[in-house]
Structure formats: structure tokens, C-alpha cells
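Student: this is a predicted model, with the sequence first.
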Amino acid sequence: MAALLLGVGLAWRRAPAPPSAPTSVAEQATSASTPTSAAEQPTTTNAPVPSAGPNAPTEAALPVQPAPPSSAAYFDDRRLTYEPNFYAPEIQAFLESQPGALKSMSVQVGNARYSFAQELVGASSYYSVNPKVILALLEQRQGLISTPNPTPDELGWAVAYQGENGNRRGLTAQIRWAIKQILFAKRDYPQYLPLTYADNSSAPPRPSMSLSEYAIARVLAPTTTPDRLPTLLNNFLAVYTRLFGDPRTPPSDWPAASAPFLSWPLEQPAAVTSFFDHGGPFLTRNPAAGITTYWGRTETDIAFAYNGHDGWDFAAAPPDLVLAAADGTVVFAGNADDGCA
């Protein structure tokens with residue numbers, strides 16, 4: 001189980017040091033009134049995706065206004081990965097203002113239970129995905145922001161992905177699958193790996209796609225057919241705009257990045273007692289690969305360098321203080337469940 005601590009803004013202490021990447025655990029999260037989420041294993045969208053079942057929804061085309069002047073053609077790429085001051089309290093307040101049932105749901109993550117808003121922050125922050133993107137997907141595909149009493153299928157297929165023999169059924173499993181597809185898209189852009197569709201067919205995306213459009217296409221394509229994808233892409237834009245405003249508009253009031261960034265996490269020097277890696281940032285296991293340390297040497301001796309989680313062990317213990325990586329305000333502290341067992 002990984003305990004994840006995320007922060008922005010002002011922190012308790014000025015800090016330093018490369019933070020260890022989050023440790024993943026087997027997925028145990030469930031939605032309070034949904035089927036249990038299937039255990040999530042890392043996937044790549046290059047592999048064939050089993051056909052979607054008959055419950056995959058179809059959508060009528062929604063109107064989309066012309067892009068404002070000096071705006072992105074589809075979605076400002078900066079908004080794909082970040083939204084300032086939109087964490088669990090703000091997400092909960094947004095959900096409270098909507099008719100949907102997500103505001104009253106909770107999920108189990110390891111040995112702790114979290115509100116849906118807290119779980120969304122933990123899951124989206126893990127891979128730097130704007131939680132508004134996920135909320136818009138939930139509304140677009142199953143109306144989960146506006147539907148007071150969603151059916152089990154609407155919750156179970158929250159983003160309409162029914163591939164992998166249905167192993168991603170469940171609210172949290174669907175959300176984590178969508179977040180992973182956005183992560184893979186960021187990795188594969190601008191090489192534009194082919195899009196895989198619900199019928200197992202694949203086709204190259206339009207070469208002029210922006211990062212954000214390609215990322216959303218990677219989420220939507222496995223739920224539909226090639227002829228329906230353009231409509232779904234436009235509908236996502238329309239739904240996001242209705243909920244949160246036009247995402248094509250460039251952000252003008254975001255805070256500047258903190259500097260300096262990432263340095264030593266302890267007040268005093270301490271020995272590094274082990275290195276461990278989980279194939280980050282995509283969290284796959286290859287025990288024989290060892291880990292490449294910051295001085296460029298690949299270590300394979302399992303006595304102190306092993307492939308199983310992300311991070312380094314230091315010879316430090318209470319009352320030694322662990323410092324924040326940079327100035328900031330803690331926005332999430334709790335279990336982060338990547339679902340990689």
C-alpha cells in the first residue's frame with residue numbers, strides 16, 4: 001500500500017530532495033453503491049482490446065461553439081494535466097452543486113475509506129491528470145454528474161470501457177483505466193501510436209491532433225468505432241465546457257511554478273540503504289532489470305537494489321524530519337492505489 005503525499009503552495013518547511021515515486025498496491029477500491037472494482041493491471045493500448053459489450057452507449061452530436069480567438073483548436077494542453085485549487089474540498093463542493101450521486105459515495109483504498117472526491121484527487125494526482133477531465137468523461141459517457149440515481153451498469157461502465165473481458169468494471173477501475181490511457185498518450189505523443197477501437201480494429205490518428213485531443217481519443221476510441229470517434233471527441237469538449245468553461249481558452253491566472261524544485265529531503269546527510277524501482281513511470285515489474293541510480297550505474301544486487309516499488313531507503317528514523325520537496329501546501333495525504341499487483 002502506498003501512502004501518497006501531494007502538495008502545492010506553501011508548506012510547513014522549506015524542503016528539499018527528489019521525492020520517491022508513489023508505491024503501487026493491488027487495487028481494493030470499491031464504490032459504495034457499485035460493483036467491486038476489478039484488480040487493475042497495467043495495460044498498453046497497443047495490445048488488442050476485447051470487443052465492447054452491448055451496454056456501450058451511443059451519443060448524439062452536441063453543439064460546440066467556435067474556438068475563441070487565440071485559443072487552442074481543441075483543448076489547451078496545460079489544462080490536461082493541471083487545475084489549480086481544485087482538490088478534494090473543491091471537487092466535493094462542485095459535486096454538491098450537481099444532482100448526481102457521486103457526492104455521497106465513498107471508496108475503500110487499502111485500509112482506509114475515502115470520499116469519491118478524495119479518491120479522485122489521489123488517482124488523478126498520481127499521474128498528473130486534471131480531475132476535471134475525468135469528471136467530464138464521467139458525465140459525457142454515463143451522466144454521473146447529473147444523474148441522481150445511476151444504474152449499476154452506468155456506474156460499472158463509468159467511462160464506457162468494456163474491454164479486457166469486462167475486468168475493468170467498477171467506478172474506480174474505470175477511472176484508473178482512463179487516467180492510464182491519458183498517461184500512455186503523453187508517453188506516445190507525438191509519435192501518434194494507432195488508436196485501438198472497441199471492435200479490436202486499429203487506425204492511425206489524425207497527425208494534426210494536439211496532445212490533449214490525442215489523449216482524449218485514447219480514452220474514447222476503445223469504447224466506440226472509428227466512425228463515431230469524431231462525435232465523441234466533440235461531445236467531450238461540449239460537456240467539459242458546460243461543466244467548467246471552455247478548455248480551449250489559455251490559462252491566464254495560474255500561479256508560477258515554485259523554485260528551486262526538488263532537493264535533499266532530510267535536514268542532515270544520511271546513507272542510502274537501498275534503491276527500489278517499479279518500472280516507473282508506468283509501474284511494471286521486471287526484477288532482472290534492477291535500477292539505474294542517479295550516478296548512472298545499473299544496480300542488480302537484490303540486497304540493496306531491487307525492482308518492486310518506487311523510491312529510495314535512507315538511514316533515517318524519528319525524530320528526524322522528512323522535508324517537503326518544495327514549498328507547498330499539502331493537498332492530499334493518504335493511500336494511493338495504482339492497482340498494480
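Tutor: Right, received. Where do you want to start?
Student: once you drop chain neighbours, what's closest to Ser71?
Tutor: Arg248 (4.0 Å; C-beta to C-beta, 6 or more residues apart in numbering). For every residue, glycine as well, the C-beta is placed using N, CA and C.
Student: helix or strand: which one has that neighbour?
Tutor: Arg248 is part of no helix or strand, with elements assigned from DSSP states H and E.
Student: and it, backbone torsions?
Tutor: phi -80, psi -20 (degrees, to the nearest 10).
Student: can you verify my assumption that Lys103 contacts Phe116?
Tutor: Yes - the pair Lys103 and Phe116 passes the contact test of C-beta atoms under 8 Å, sitting 7.3 Å apart.
Student: returning to what we had before: and for the residue nearest to Ser71, the neighbour number?
Tutor: Arg248: 22 surrounding residues under other C-beta atoms under 10 Å.
Student: check Leu321 too.
Tutor: By the criterion of other C-beta under 10 Å, Leu321 has 13 neighbours.
Student: and it, how far from Glu59?
Tutor: 52 Å (C-beta to C-beta, to the nearest Å).
Student: and for Gly156?
Tutor: Using C-beta to C-beta, Gly156 is found at 18 Å from Glu59.
Student: compare those two (neighbour count), which wins?
Tutor: Counted by other C-beta under 10 Å, Gly156 and Glu59 do not tie: Gly156 has more neighbours, with 24 against 16.
Student: whichever helix or strand Ala238 is part of - contacts with which helices or strands?
Tutor: Secondary structure from DSSP H and E places Ala238 in helix 229-244. On a contact count with 3 or more C-beta pairs under 8 Å, 6 or more residues apart in numbering; DSSP states H and E, helix 229-244 meets helix 131-142, helix 211-220.
Student: if we can go back for a sec, which residues do Lys103 and Phe116 both contact?
Tutor: Residues within reach of Lys103 and of Phe116 at once, by C-beta atoms under 8 Å, 6 or more residues apart in numbering, are Leu95.
Student: so how many other residues sit close to Thr241?
Tutor: Neighbours of Thr241 (other C-beta under 10 Å): 18.
Student: likewise Ala173?
Tutor: 28.
Student: got it, and Ile302?
Tutor: 13.
Student: quick one: contacts of stretch 62-82?
Tutor: Residues beyond stretch 62-82 that count as contacts (C-beta under 8 Å, 6+ apart) turn out to be 128-130, 132-133, 182, 186, 209-213, 215-216, 233-235, 237-241, 246-251, 254.
Student: averaged pLDDT, stretch 225-237. What do you get?
Tutor: In this model, stretch 225-237 has an average pLDDT of 97.
Student: C-alpha coordinates for it, PDB please?
Tutor: What follows is stretch 225-237, C-alpha atoms only, in PDB (Å, rounded to 0.1, in the frame of the first residue of the first chain):
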ATOM      1  CA  THR A 225     -16.000   2.600 -33.600                       C
ATOM      2  CA  PRO A 226     -13.900   4.800 -35.900                       C
ATOM      3  CA  ASP A 227     -16.900   6.500 -37.400                       C
ATOM      4  CA  ARG A 228     -18.200   7.500 -34.000                       C
ATOM      5  CA  LEU A 229     -15.000   8.900 -32.600                       C
ATOM      6  CA  PRO A 230     -15.200  12.400 -34.000                       C
ATOM      7  CA  THR A 231     -18.700  12.800 -32.500                       C
ATOM      8  CA  LEU A 232     -17.400  11.600 -29.100                       C
ATOM      9  CA  LEU A 233     -14.500  14.000 -29.200                       C
ATOM     10  CA  ASN A 234     -16.700  16.900 -29.900                       C
ATOM     11  CA  ASN A 235     -19.200  15.900 -27.300                       C
ATOM     12  CA  PHE A 236     -16.400  15.700 -24.600                       C
ATOM     13  CA  LEU A 237     -15.500  19.300 -25.500                       C
END
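Student: buried stuff in that stretch?
Tutor: By 16 or more other C-beta atoms under 10 Å, the buried positions in stretch 225-237 come out as Arg228, Leu229, Thr231, Leu232, Leu233, Asn234, Asn235, Phe236, Leu237.
Student: quick check: which element contains the nearest residue to Ile91 once chain neighbours are set aside?
Tutor: Nearest residue to Ile91, sequence neighbours excluded (C-beta to C-beta, 6+ apart): Ala117, at 3.9 Å. In this assignment (DSSP H and E), Ala117 forms part of helix 116-126.
Student: show the contacting residues for the residue nearest to Leu220 when sequence neighbours are not counted.
Tutor: In this structure, Leu220 finds its nearest non-sequential neighbour in Leu232, 4.6 Å apart by C-beta to C-beta, 6+ apart. Applying C-beta under 8 Å, 6+ apart to Leu232 gives the contacts Glu59, Gln140, Leu220, Thr223, Thr224.
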